[in-house]
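**Student:** Everything below, folded, please.
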Amino acid sequence: MATTVAVAAVAMIMLAVLGGRALPDRTGPPVEQLVVERTVLSPSTIELTLRNTGPDAVQIAQVFVNDVYVGFTGAVQPLGRLATDTVRLDYPWQDGHPYVVSMLTSSGAVIEHEIPAAVQTPTADGDLLALMVLLGTYVGIIPVALGMMFLPVLRRAGRPLVRVLLALTVGLLAFLAVDAAVEGFDLAGRTGGAFGGPLLVFLGGALAFLALTAVDRLLQNRSSENDGGQPDGRRLALMIATGIGLHNLGEGLAIGSAYAVGELALGAALVVGFALHNTTEGLAVVTPLTRLQPSLGRLLGLGLLAGAPAIIGAAIGVTVNNGALASLLLGVGVGAIVQVVMQITPGLRDQAGRVLGLPVVGGLSAGVVIMYATGLLVSA
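**Tutor:** Next up, the predicted model:
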């Protein structure tokens, strides 16, 4: 077997080195593709971070802003495939005005980039990071904590109502997964496919699903040794908090990125909208704990695990602002939520072994409707 693998490896190397030489030269014009990964606006300067997503090298020859020729620095050498460089334009832009940047390549192709409304890019200093911490706390930790405060109310519920609440949790999480996937695909489409485009969402989802499955198996084995194989609500709550935390990481990343480019209006409406939207996440975390007596420390840990990643995501988003990274992390959130939903589903069965009874369908529908309705209040 080792010999077969070695022979296959040598053959692949030879094909990579010599295969291209055996092919005829390509005819026709070069295929030039550039994607603007980041736009930074400072007084009288527009800075574009470019990445070549095409097969051929690209050389920037001239740059126009709204059909006016402007001088630029950077991108002196041709950009090879997946190479990146920064172009700085000397242009006295005005706040709030739209601009179209046209880049003329050495072959005569024109690549355009639109700035819908010019806004000065905030400087990533201590004050900005402190603002992201505050915003992440508002939209992540506080709402989740508020939702977890309903645990005493949930404890008074009987088994049928607990099934409905678990179905409600599945509806909430399913909506979050679909919402994150749609946003991830949208962001991936703007990257020009340099690192796989929409495949990044699937990659992040698969990695998160497999990682959480491994963690769940480890926790399940430990709990089986301690309680004789009975279902462990603490383990399920931990998995739900982890899944929601990974989702909030992607959500915080989107918030930070939107603020960095001036698309996020900070205000009471945003805070209230996210508070109502994410409070249901805290409810989902504590639903498996209705028949247990968790300590205050455990509850605090679950709340931080579910909500604090929003702070980390916001800090990354406002400083890095990379569409490919955002797509990957949103995919991670999707994969985590799918794995958690699979963990909750067995708890939805009634005495006859059915999952989709009328109460469960009602709970699922209510969860989706609640997340949709509260999502309309978020003005991000």
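**Student:** how deep is residue 42 tucked in, by neighbour count?
**Tutor:** 12 (other CB atoms under 10 Å). All C-beta spots, glycine's among them, are computed from the backbone N, C-alpha and C.
**Student:** Report the separation between it and residue 215.
**Tutor:** 44 Å (CB to CB, to the nearest Å).
**Student:** Residue 249 - nearest residue in space that isn't next to it in sequence?
**Tutor:** residue 309 (3.8 Å; CB to CB, 6 or more residues apart in numbering).
**Student:** Show me what the helix or strand residue 7 falls within packs onto, helices and strands only.
**Tutor:** Taking DSSP states H and E as the criterion, residue 7 maps to helix 2-18. On a contact count with 3 or more CB pairs under 8 Å, 6 or more residues apart in numbering; DSSP states H and E, helix 2-18 meets no helix or strand.
**Student:** from what I can see the residue nearest to residue 249 touches residue 242, true?
**Tutor:** No. With contact defined as CB atoms under 8 Å, residue 309 does not reach residue 242; the gap is 9.6 Å.
**Student:** What residues of the helix ranked longest in the chain count as buried?
**Tutor:** Longest among the helix segments of the chain by residue count, using DSSP state H, is helix 159-189. Going by neighbour count (16 or more other CB atoms under 10 Å), the buried part of helix 159-189 is 162-177, 179-181, 183-185, 187-188.
**Student:** do stretch 279-297 as well
**Tutor:** If you call a residue buried by 16+ other CB under 10 Å, then stretch 279-297 has these buried ones: 279-290, 294.
**Student:** secondary structure element for the residue most central in space within the chain?
**Tutor:** The centre of the chain sits closest to residue 330, judged by CA atoms, centre = their mean, with a distance of 2.2 Å. Of the helices and strands defined by DSSP H and E, residue 330 is found in helix 323-344.
**Student:** If I take that helix and helix 159-189, what angle do their directions form?
**Tutor:** Counting by axes from the mean of the first three to the mean of the last three CA atoms, to 10 degrees, helix 323-344 lies at 160 degrees to helix 159-189.
**Student:** I'd like the next helix or strand past helix 323-344.
**Tutor:** Using DSSP H and E, the next helix or strand after helix 323-344 towards the C-terminus is helix 358-375.
**Student:** Show me what that following helix is in contact with.
**Tutor:** By CB atoms under 8 Å, 6 or more residues apart in numbering, the residues outside helix 358-375 that reach it are 160, 163-176, 179, 273, 276-277, 280, 348.
**Student:** So what angle separates the directions of it and helix 159-189?
**Tutor:** If you take the same axes, to 10 degrees, helix 358-375 sits at 40 degrees to helix 159-189.
**Student:** List the buried residues for helix 358-375?
**Tutor:** 360, 363-364, 366-368, 370-371, 374.
**Student:** Can you get me the centre-to-centre distance for it and its chain?
**Tutor:** A distance of 23 Å separates the centroid of the chain from that of helix 358-375, by CA atoms, centre = their mean, to the nearest Å.
**Student:** and it, average pLDDT?
**Tutor:** Throughout helix 358-375, pLDDT has a mean value of 81.
**Student:** Confirm for me that the residue nearest to the centre of the chain is in contact with residue 187.
**Tutor:** Yes. Contact status for residue 330 versus residue 187: in contact at 7.1 Å, counting by CB under 8 Å.
**Student:** Tell me where the stretch 51-200 of the chain has helices.
**Tutor:** 126-136, 142-148, 151-155, 159-189, 199-227 (DSSP state H, counting those that start in this stretch).
**Student:** what's the neighbour count on residue 125?
**Tutor:** Based on other CB under 10 Å, the number of other residues close to residue 125 is 8.
**Student:** meant to ask about residue 75, not that
**Tutor:** Residue neighbour count, defined by other CB under 10 Å, stands at 22 for residue 75.
**Student:** how close does residue 42 sit to residue 85?
**Tutor:** Distance from residue 42 to residue 85, by CB to CB: 18 Å.
**Student:** can you check residue 123 too?
**Tutor:** Using CB to CB, residue 123 is found at 22 Å from residue 85.
**Student:** what about these two, which has more around it?
**Tutor:** residue 85 (18 against 10).
**Student:** Could you tell me which residues make contact with residue 172?
**Tutor:** Taking CB under 8 Å, 6+ apart, we find residue 172 in contact with 280-281, 283-284, 367-368, 370-371.
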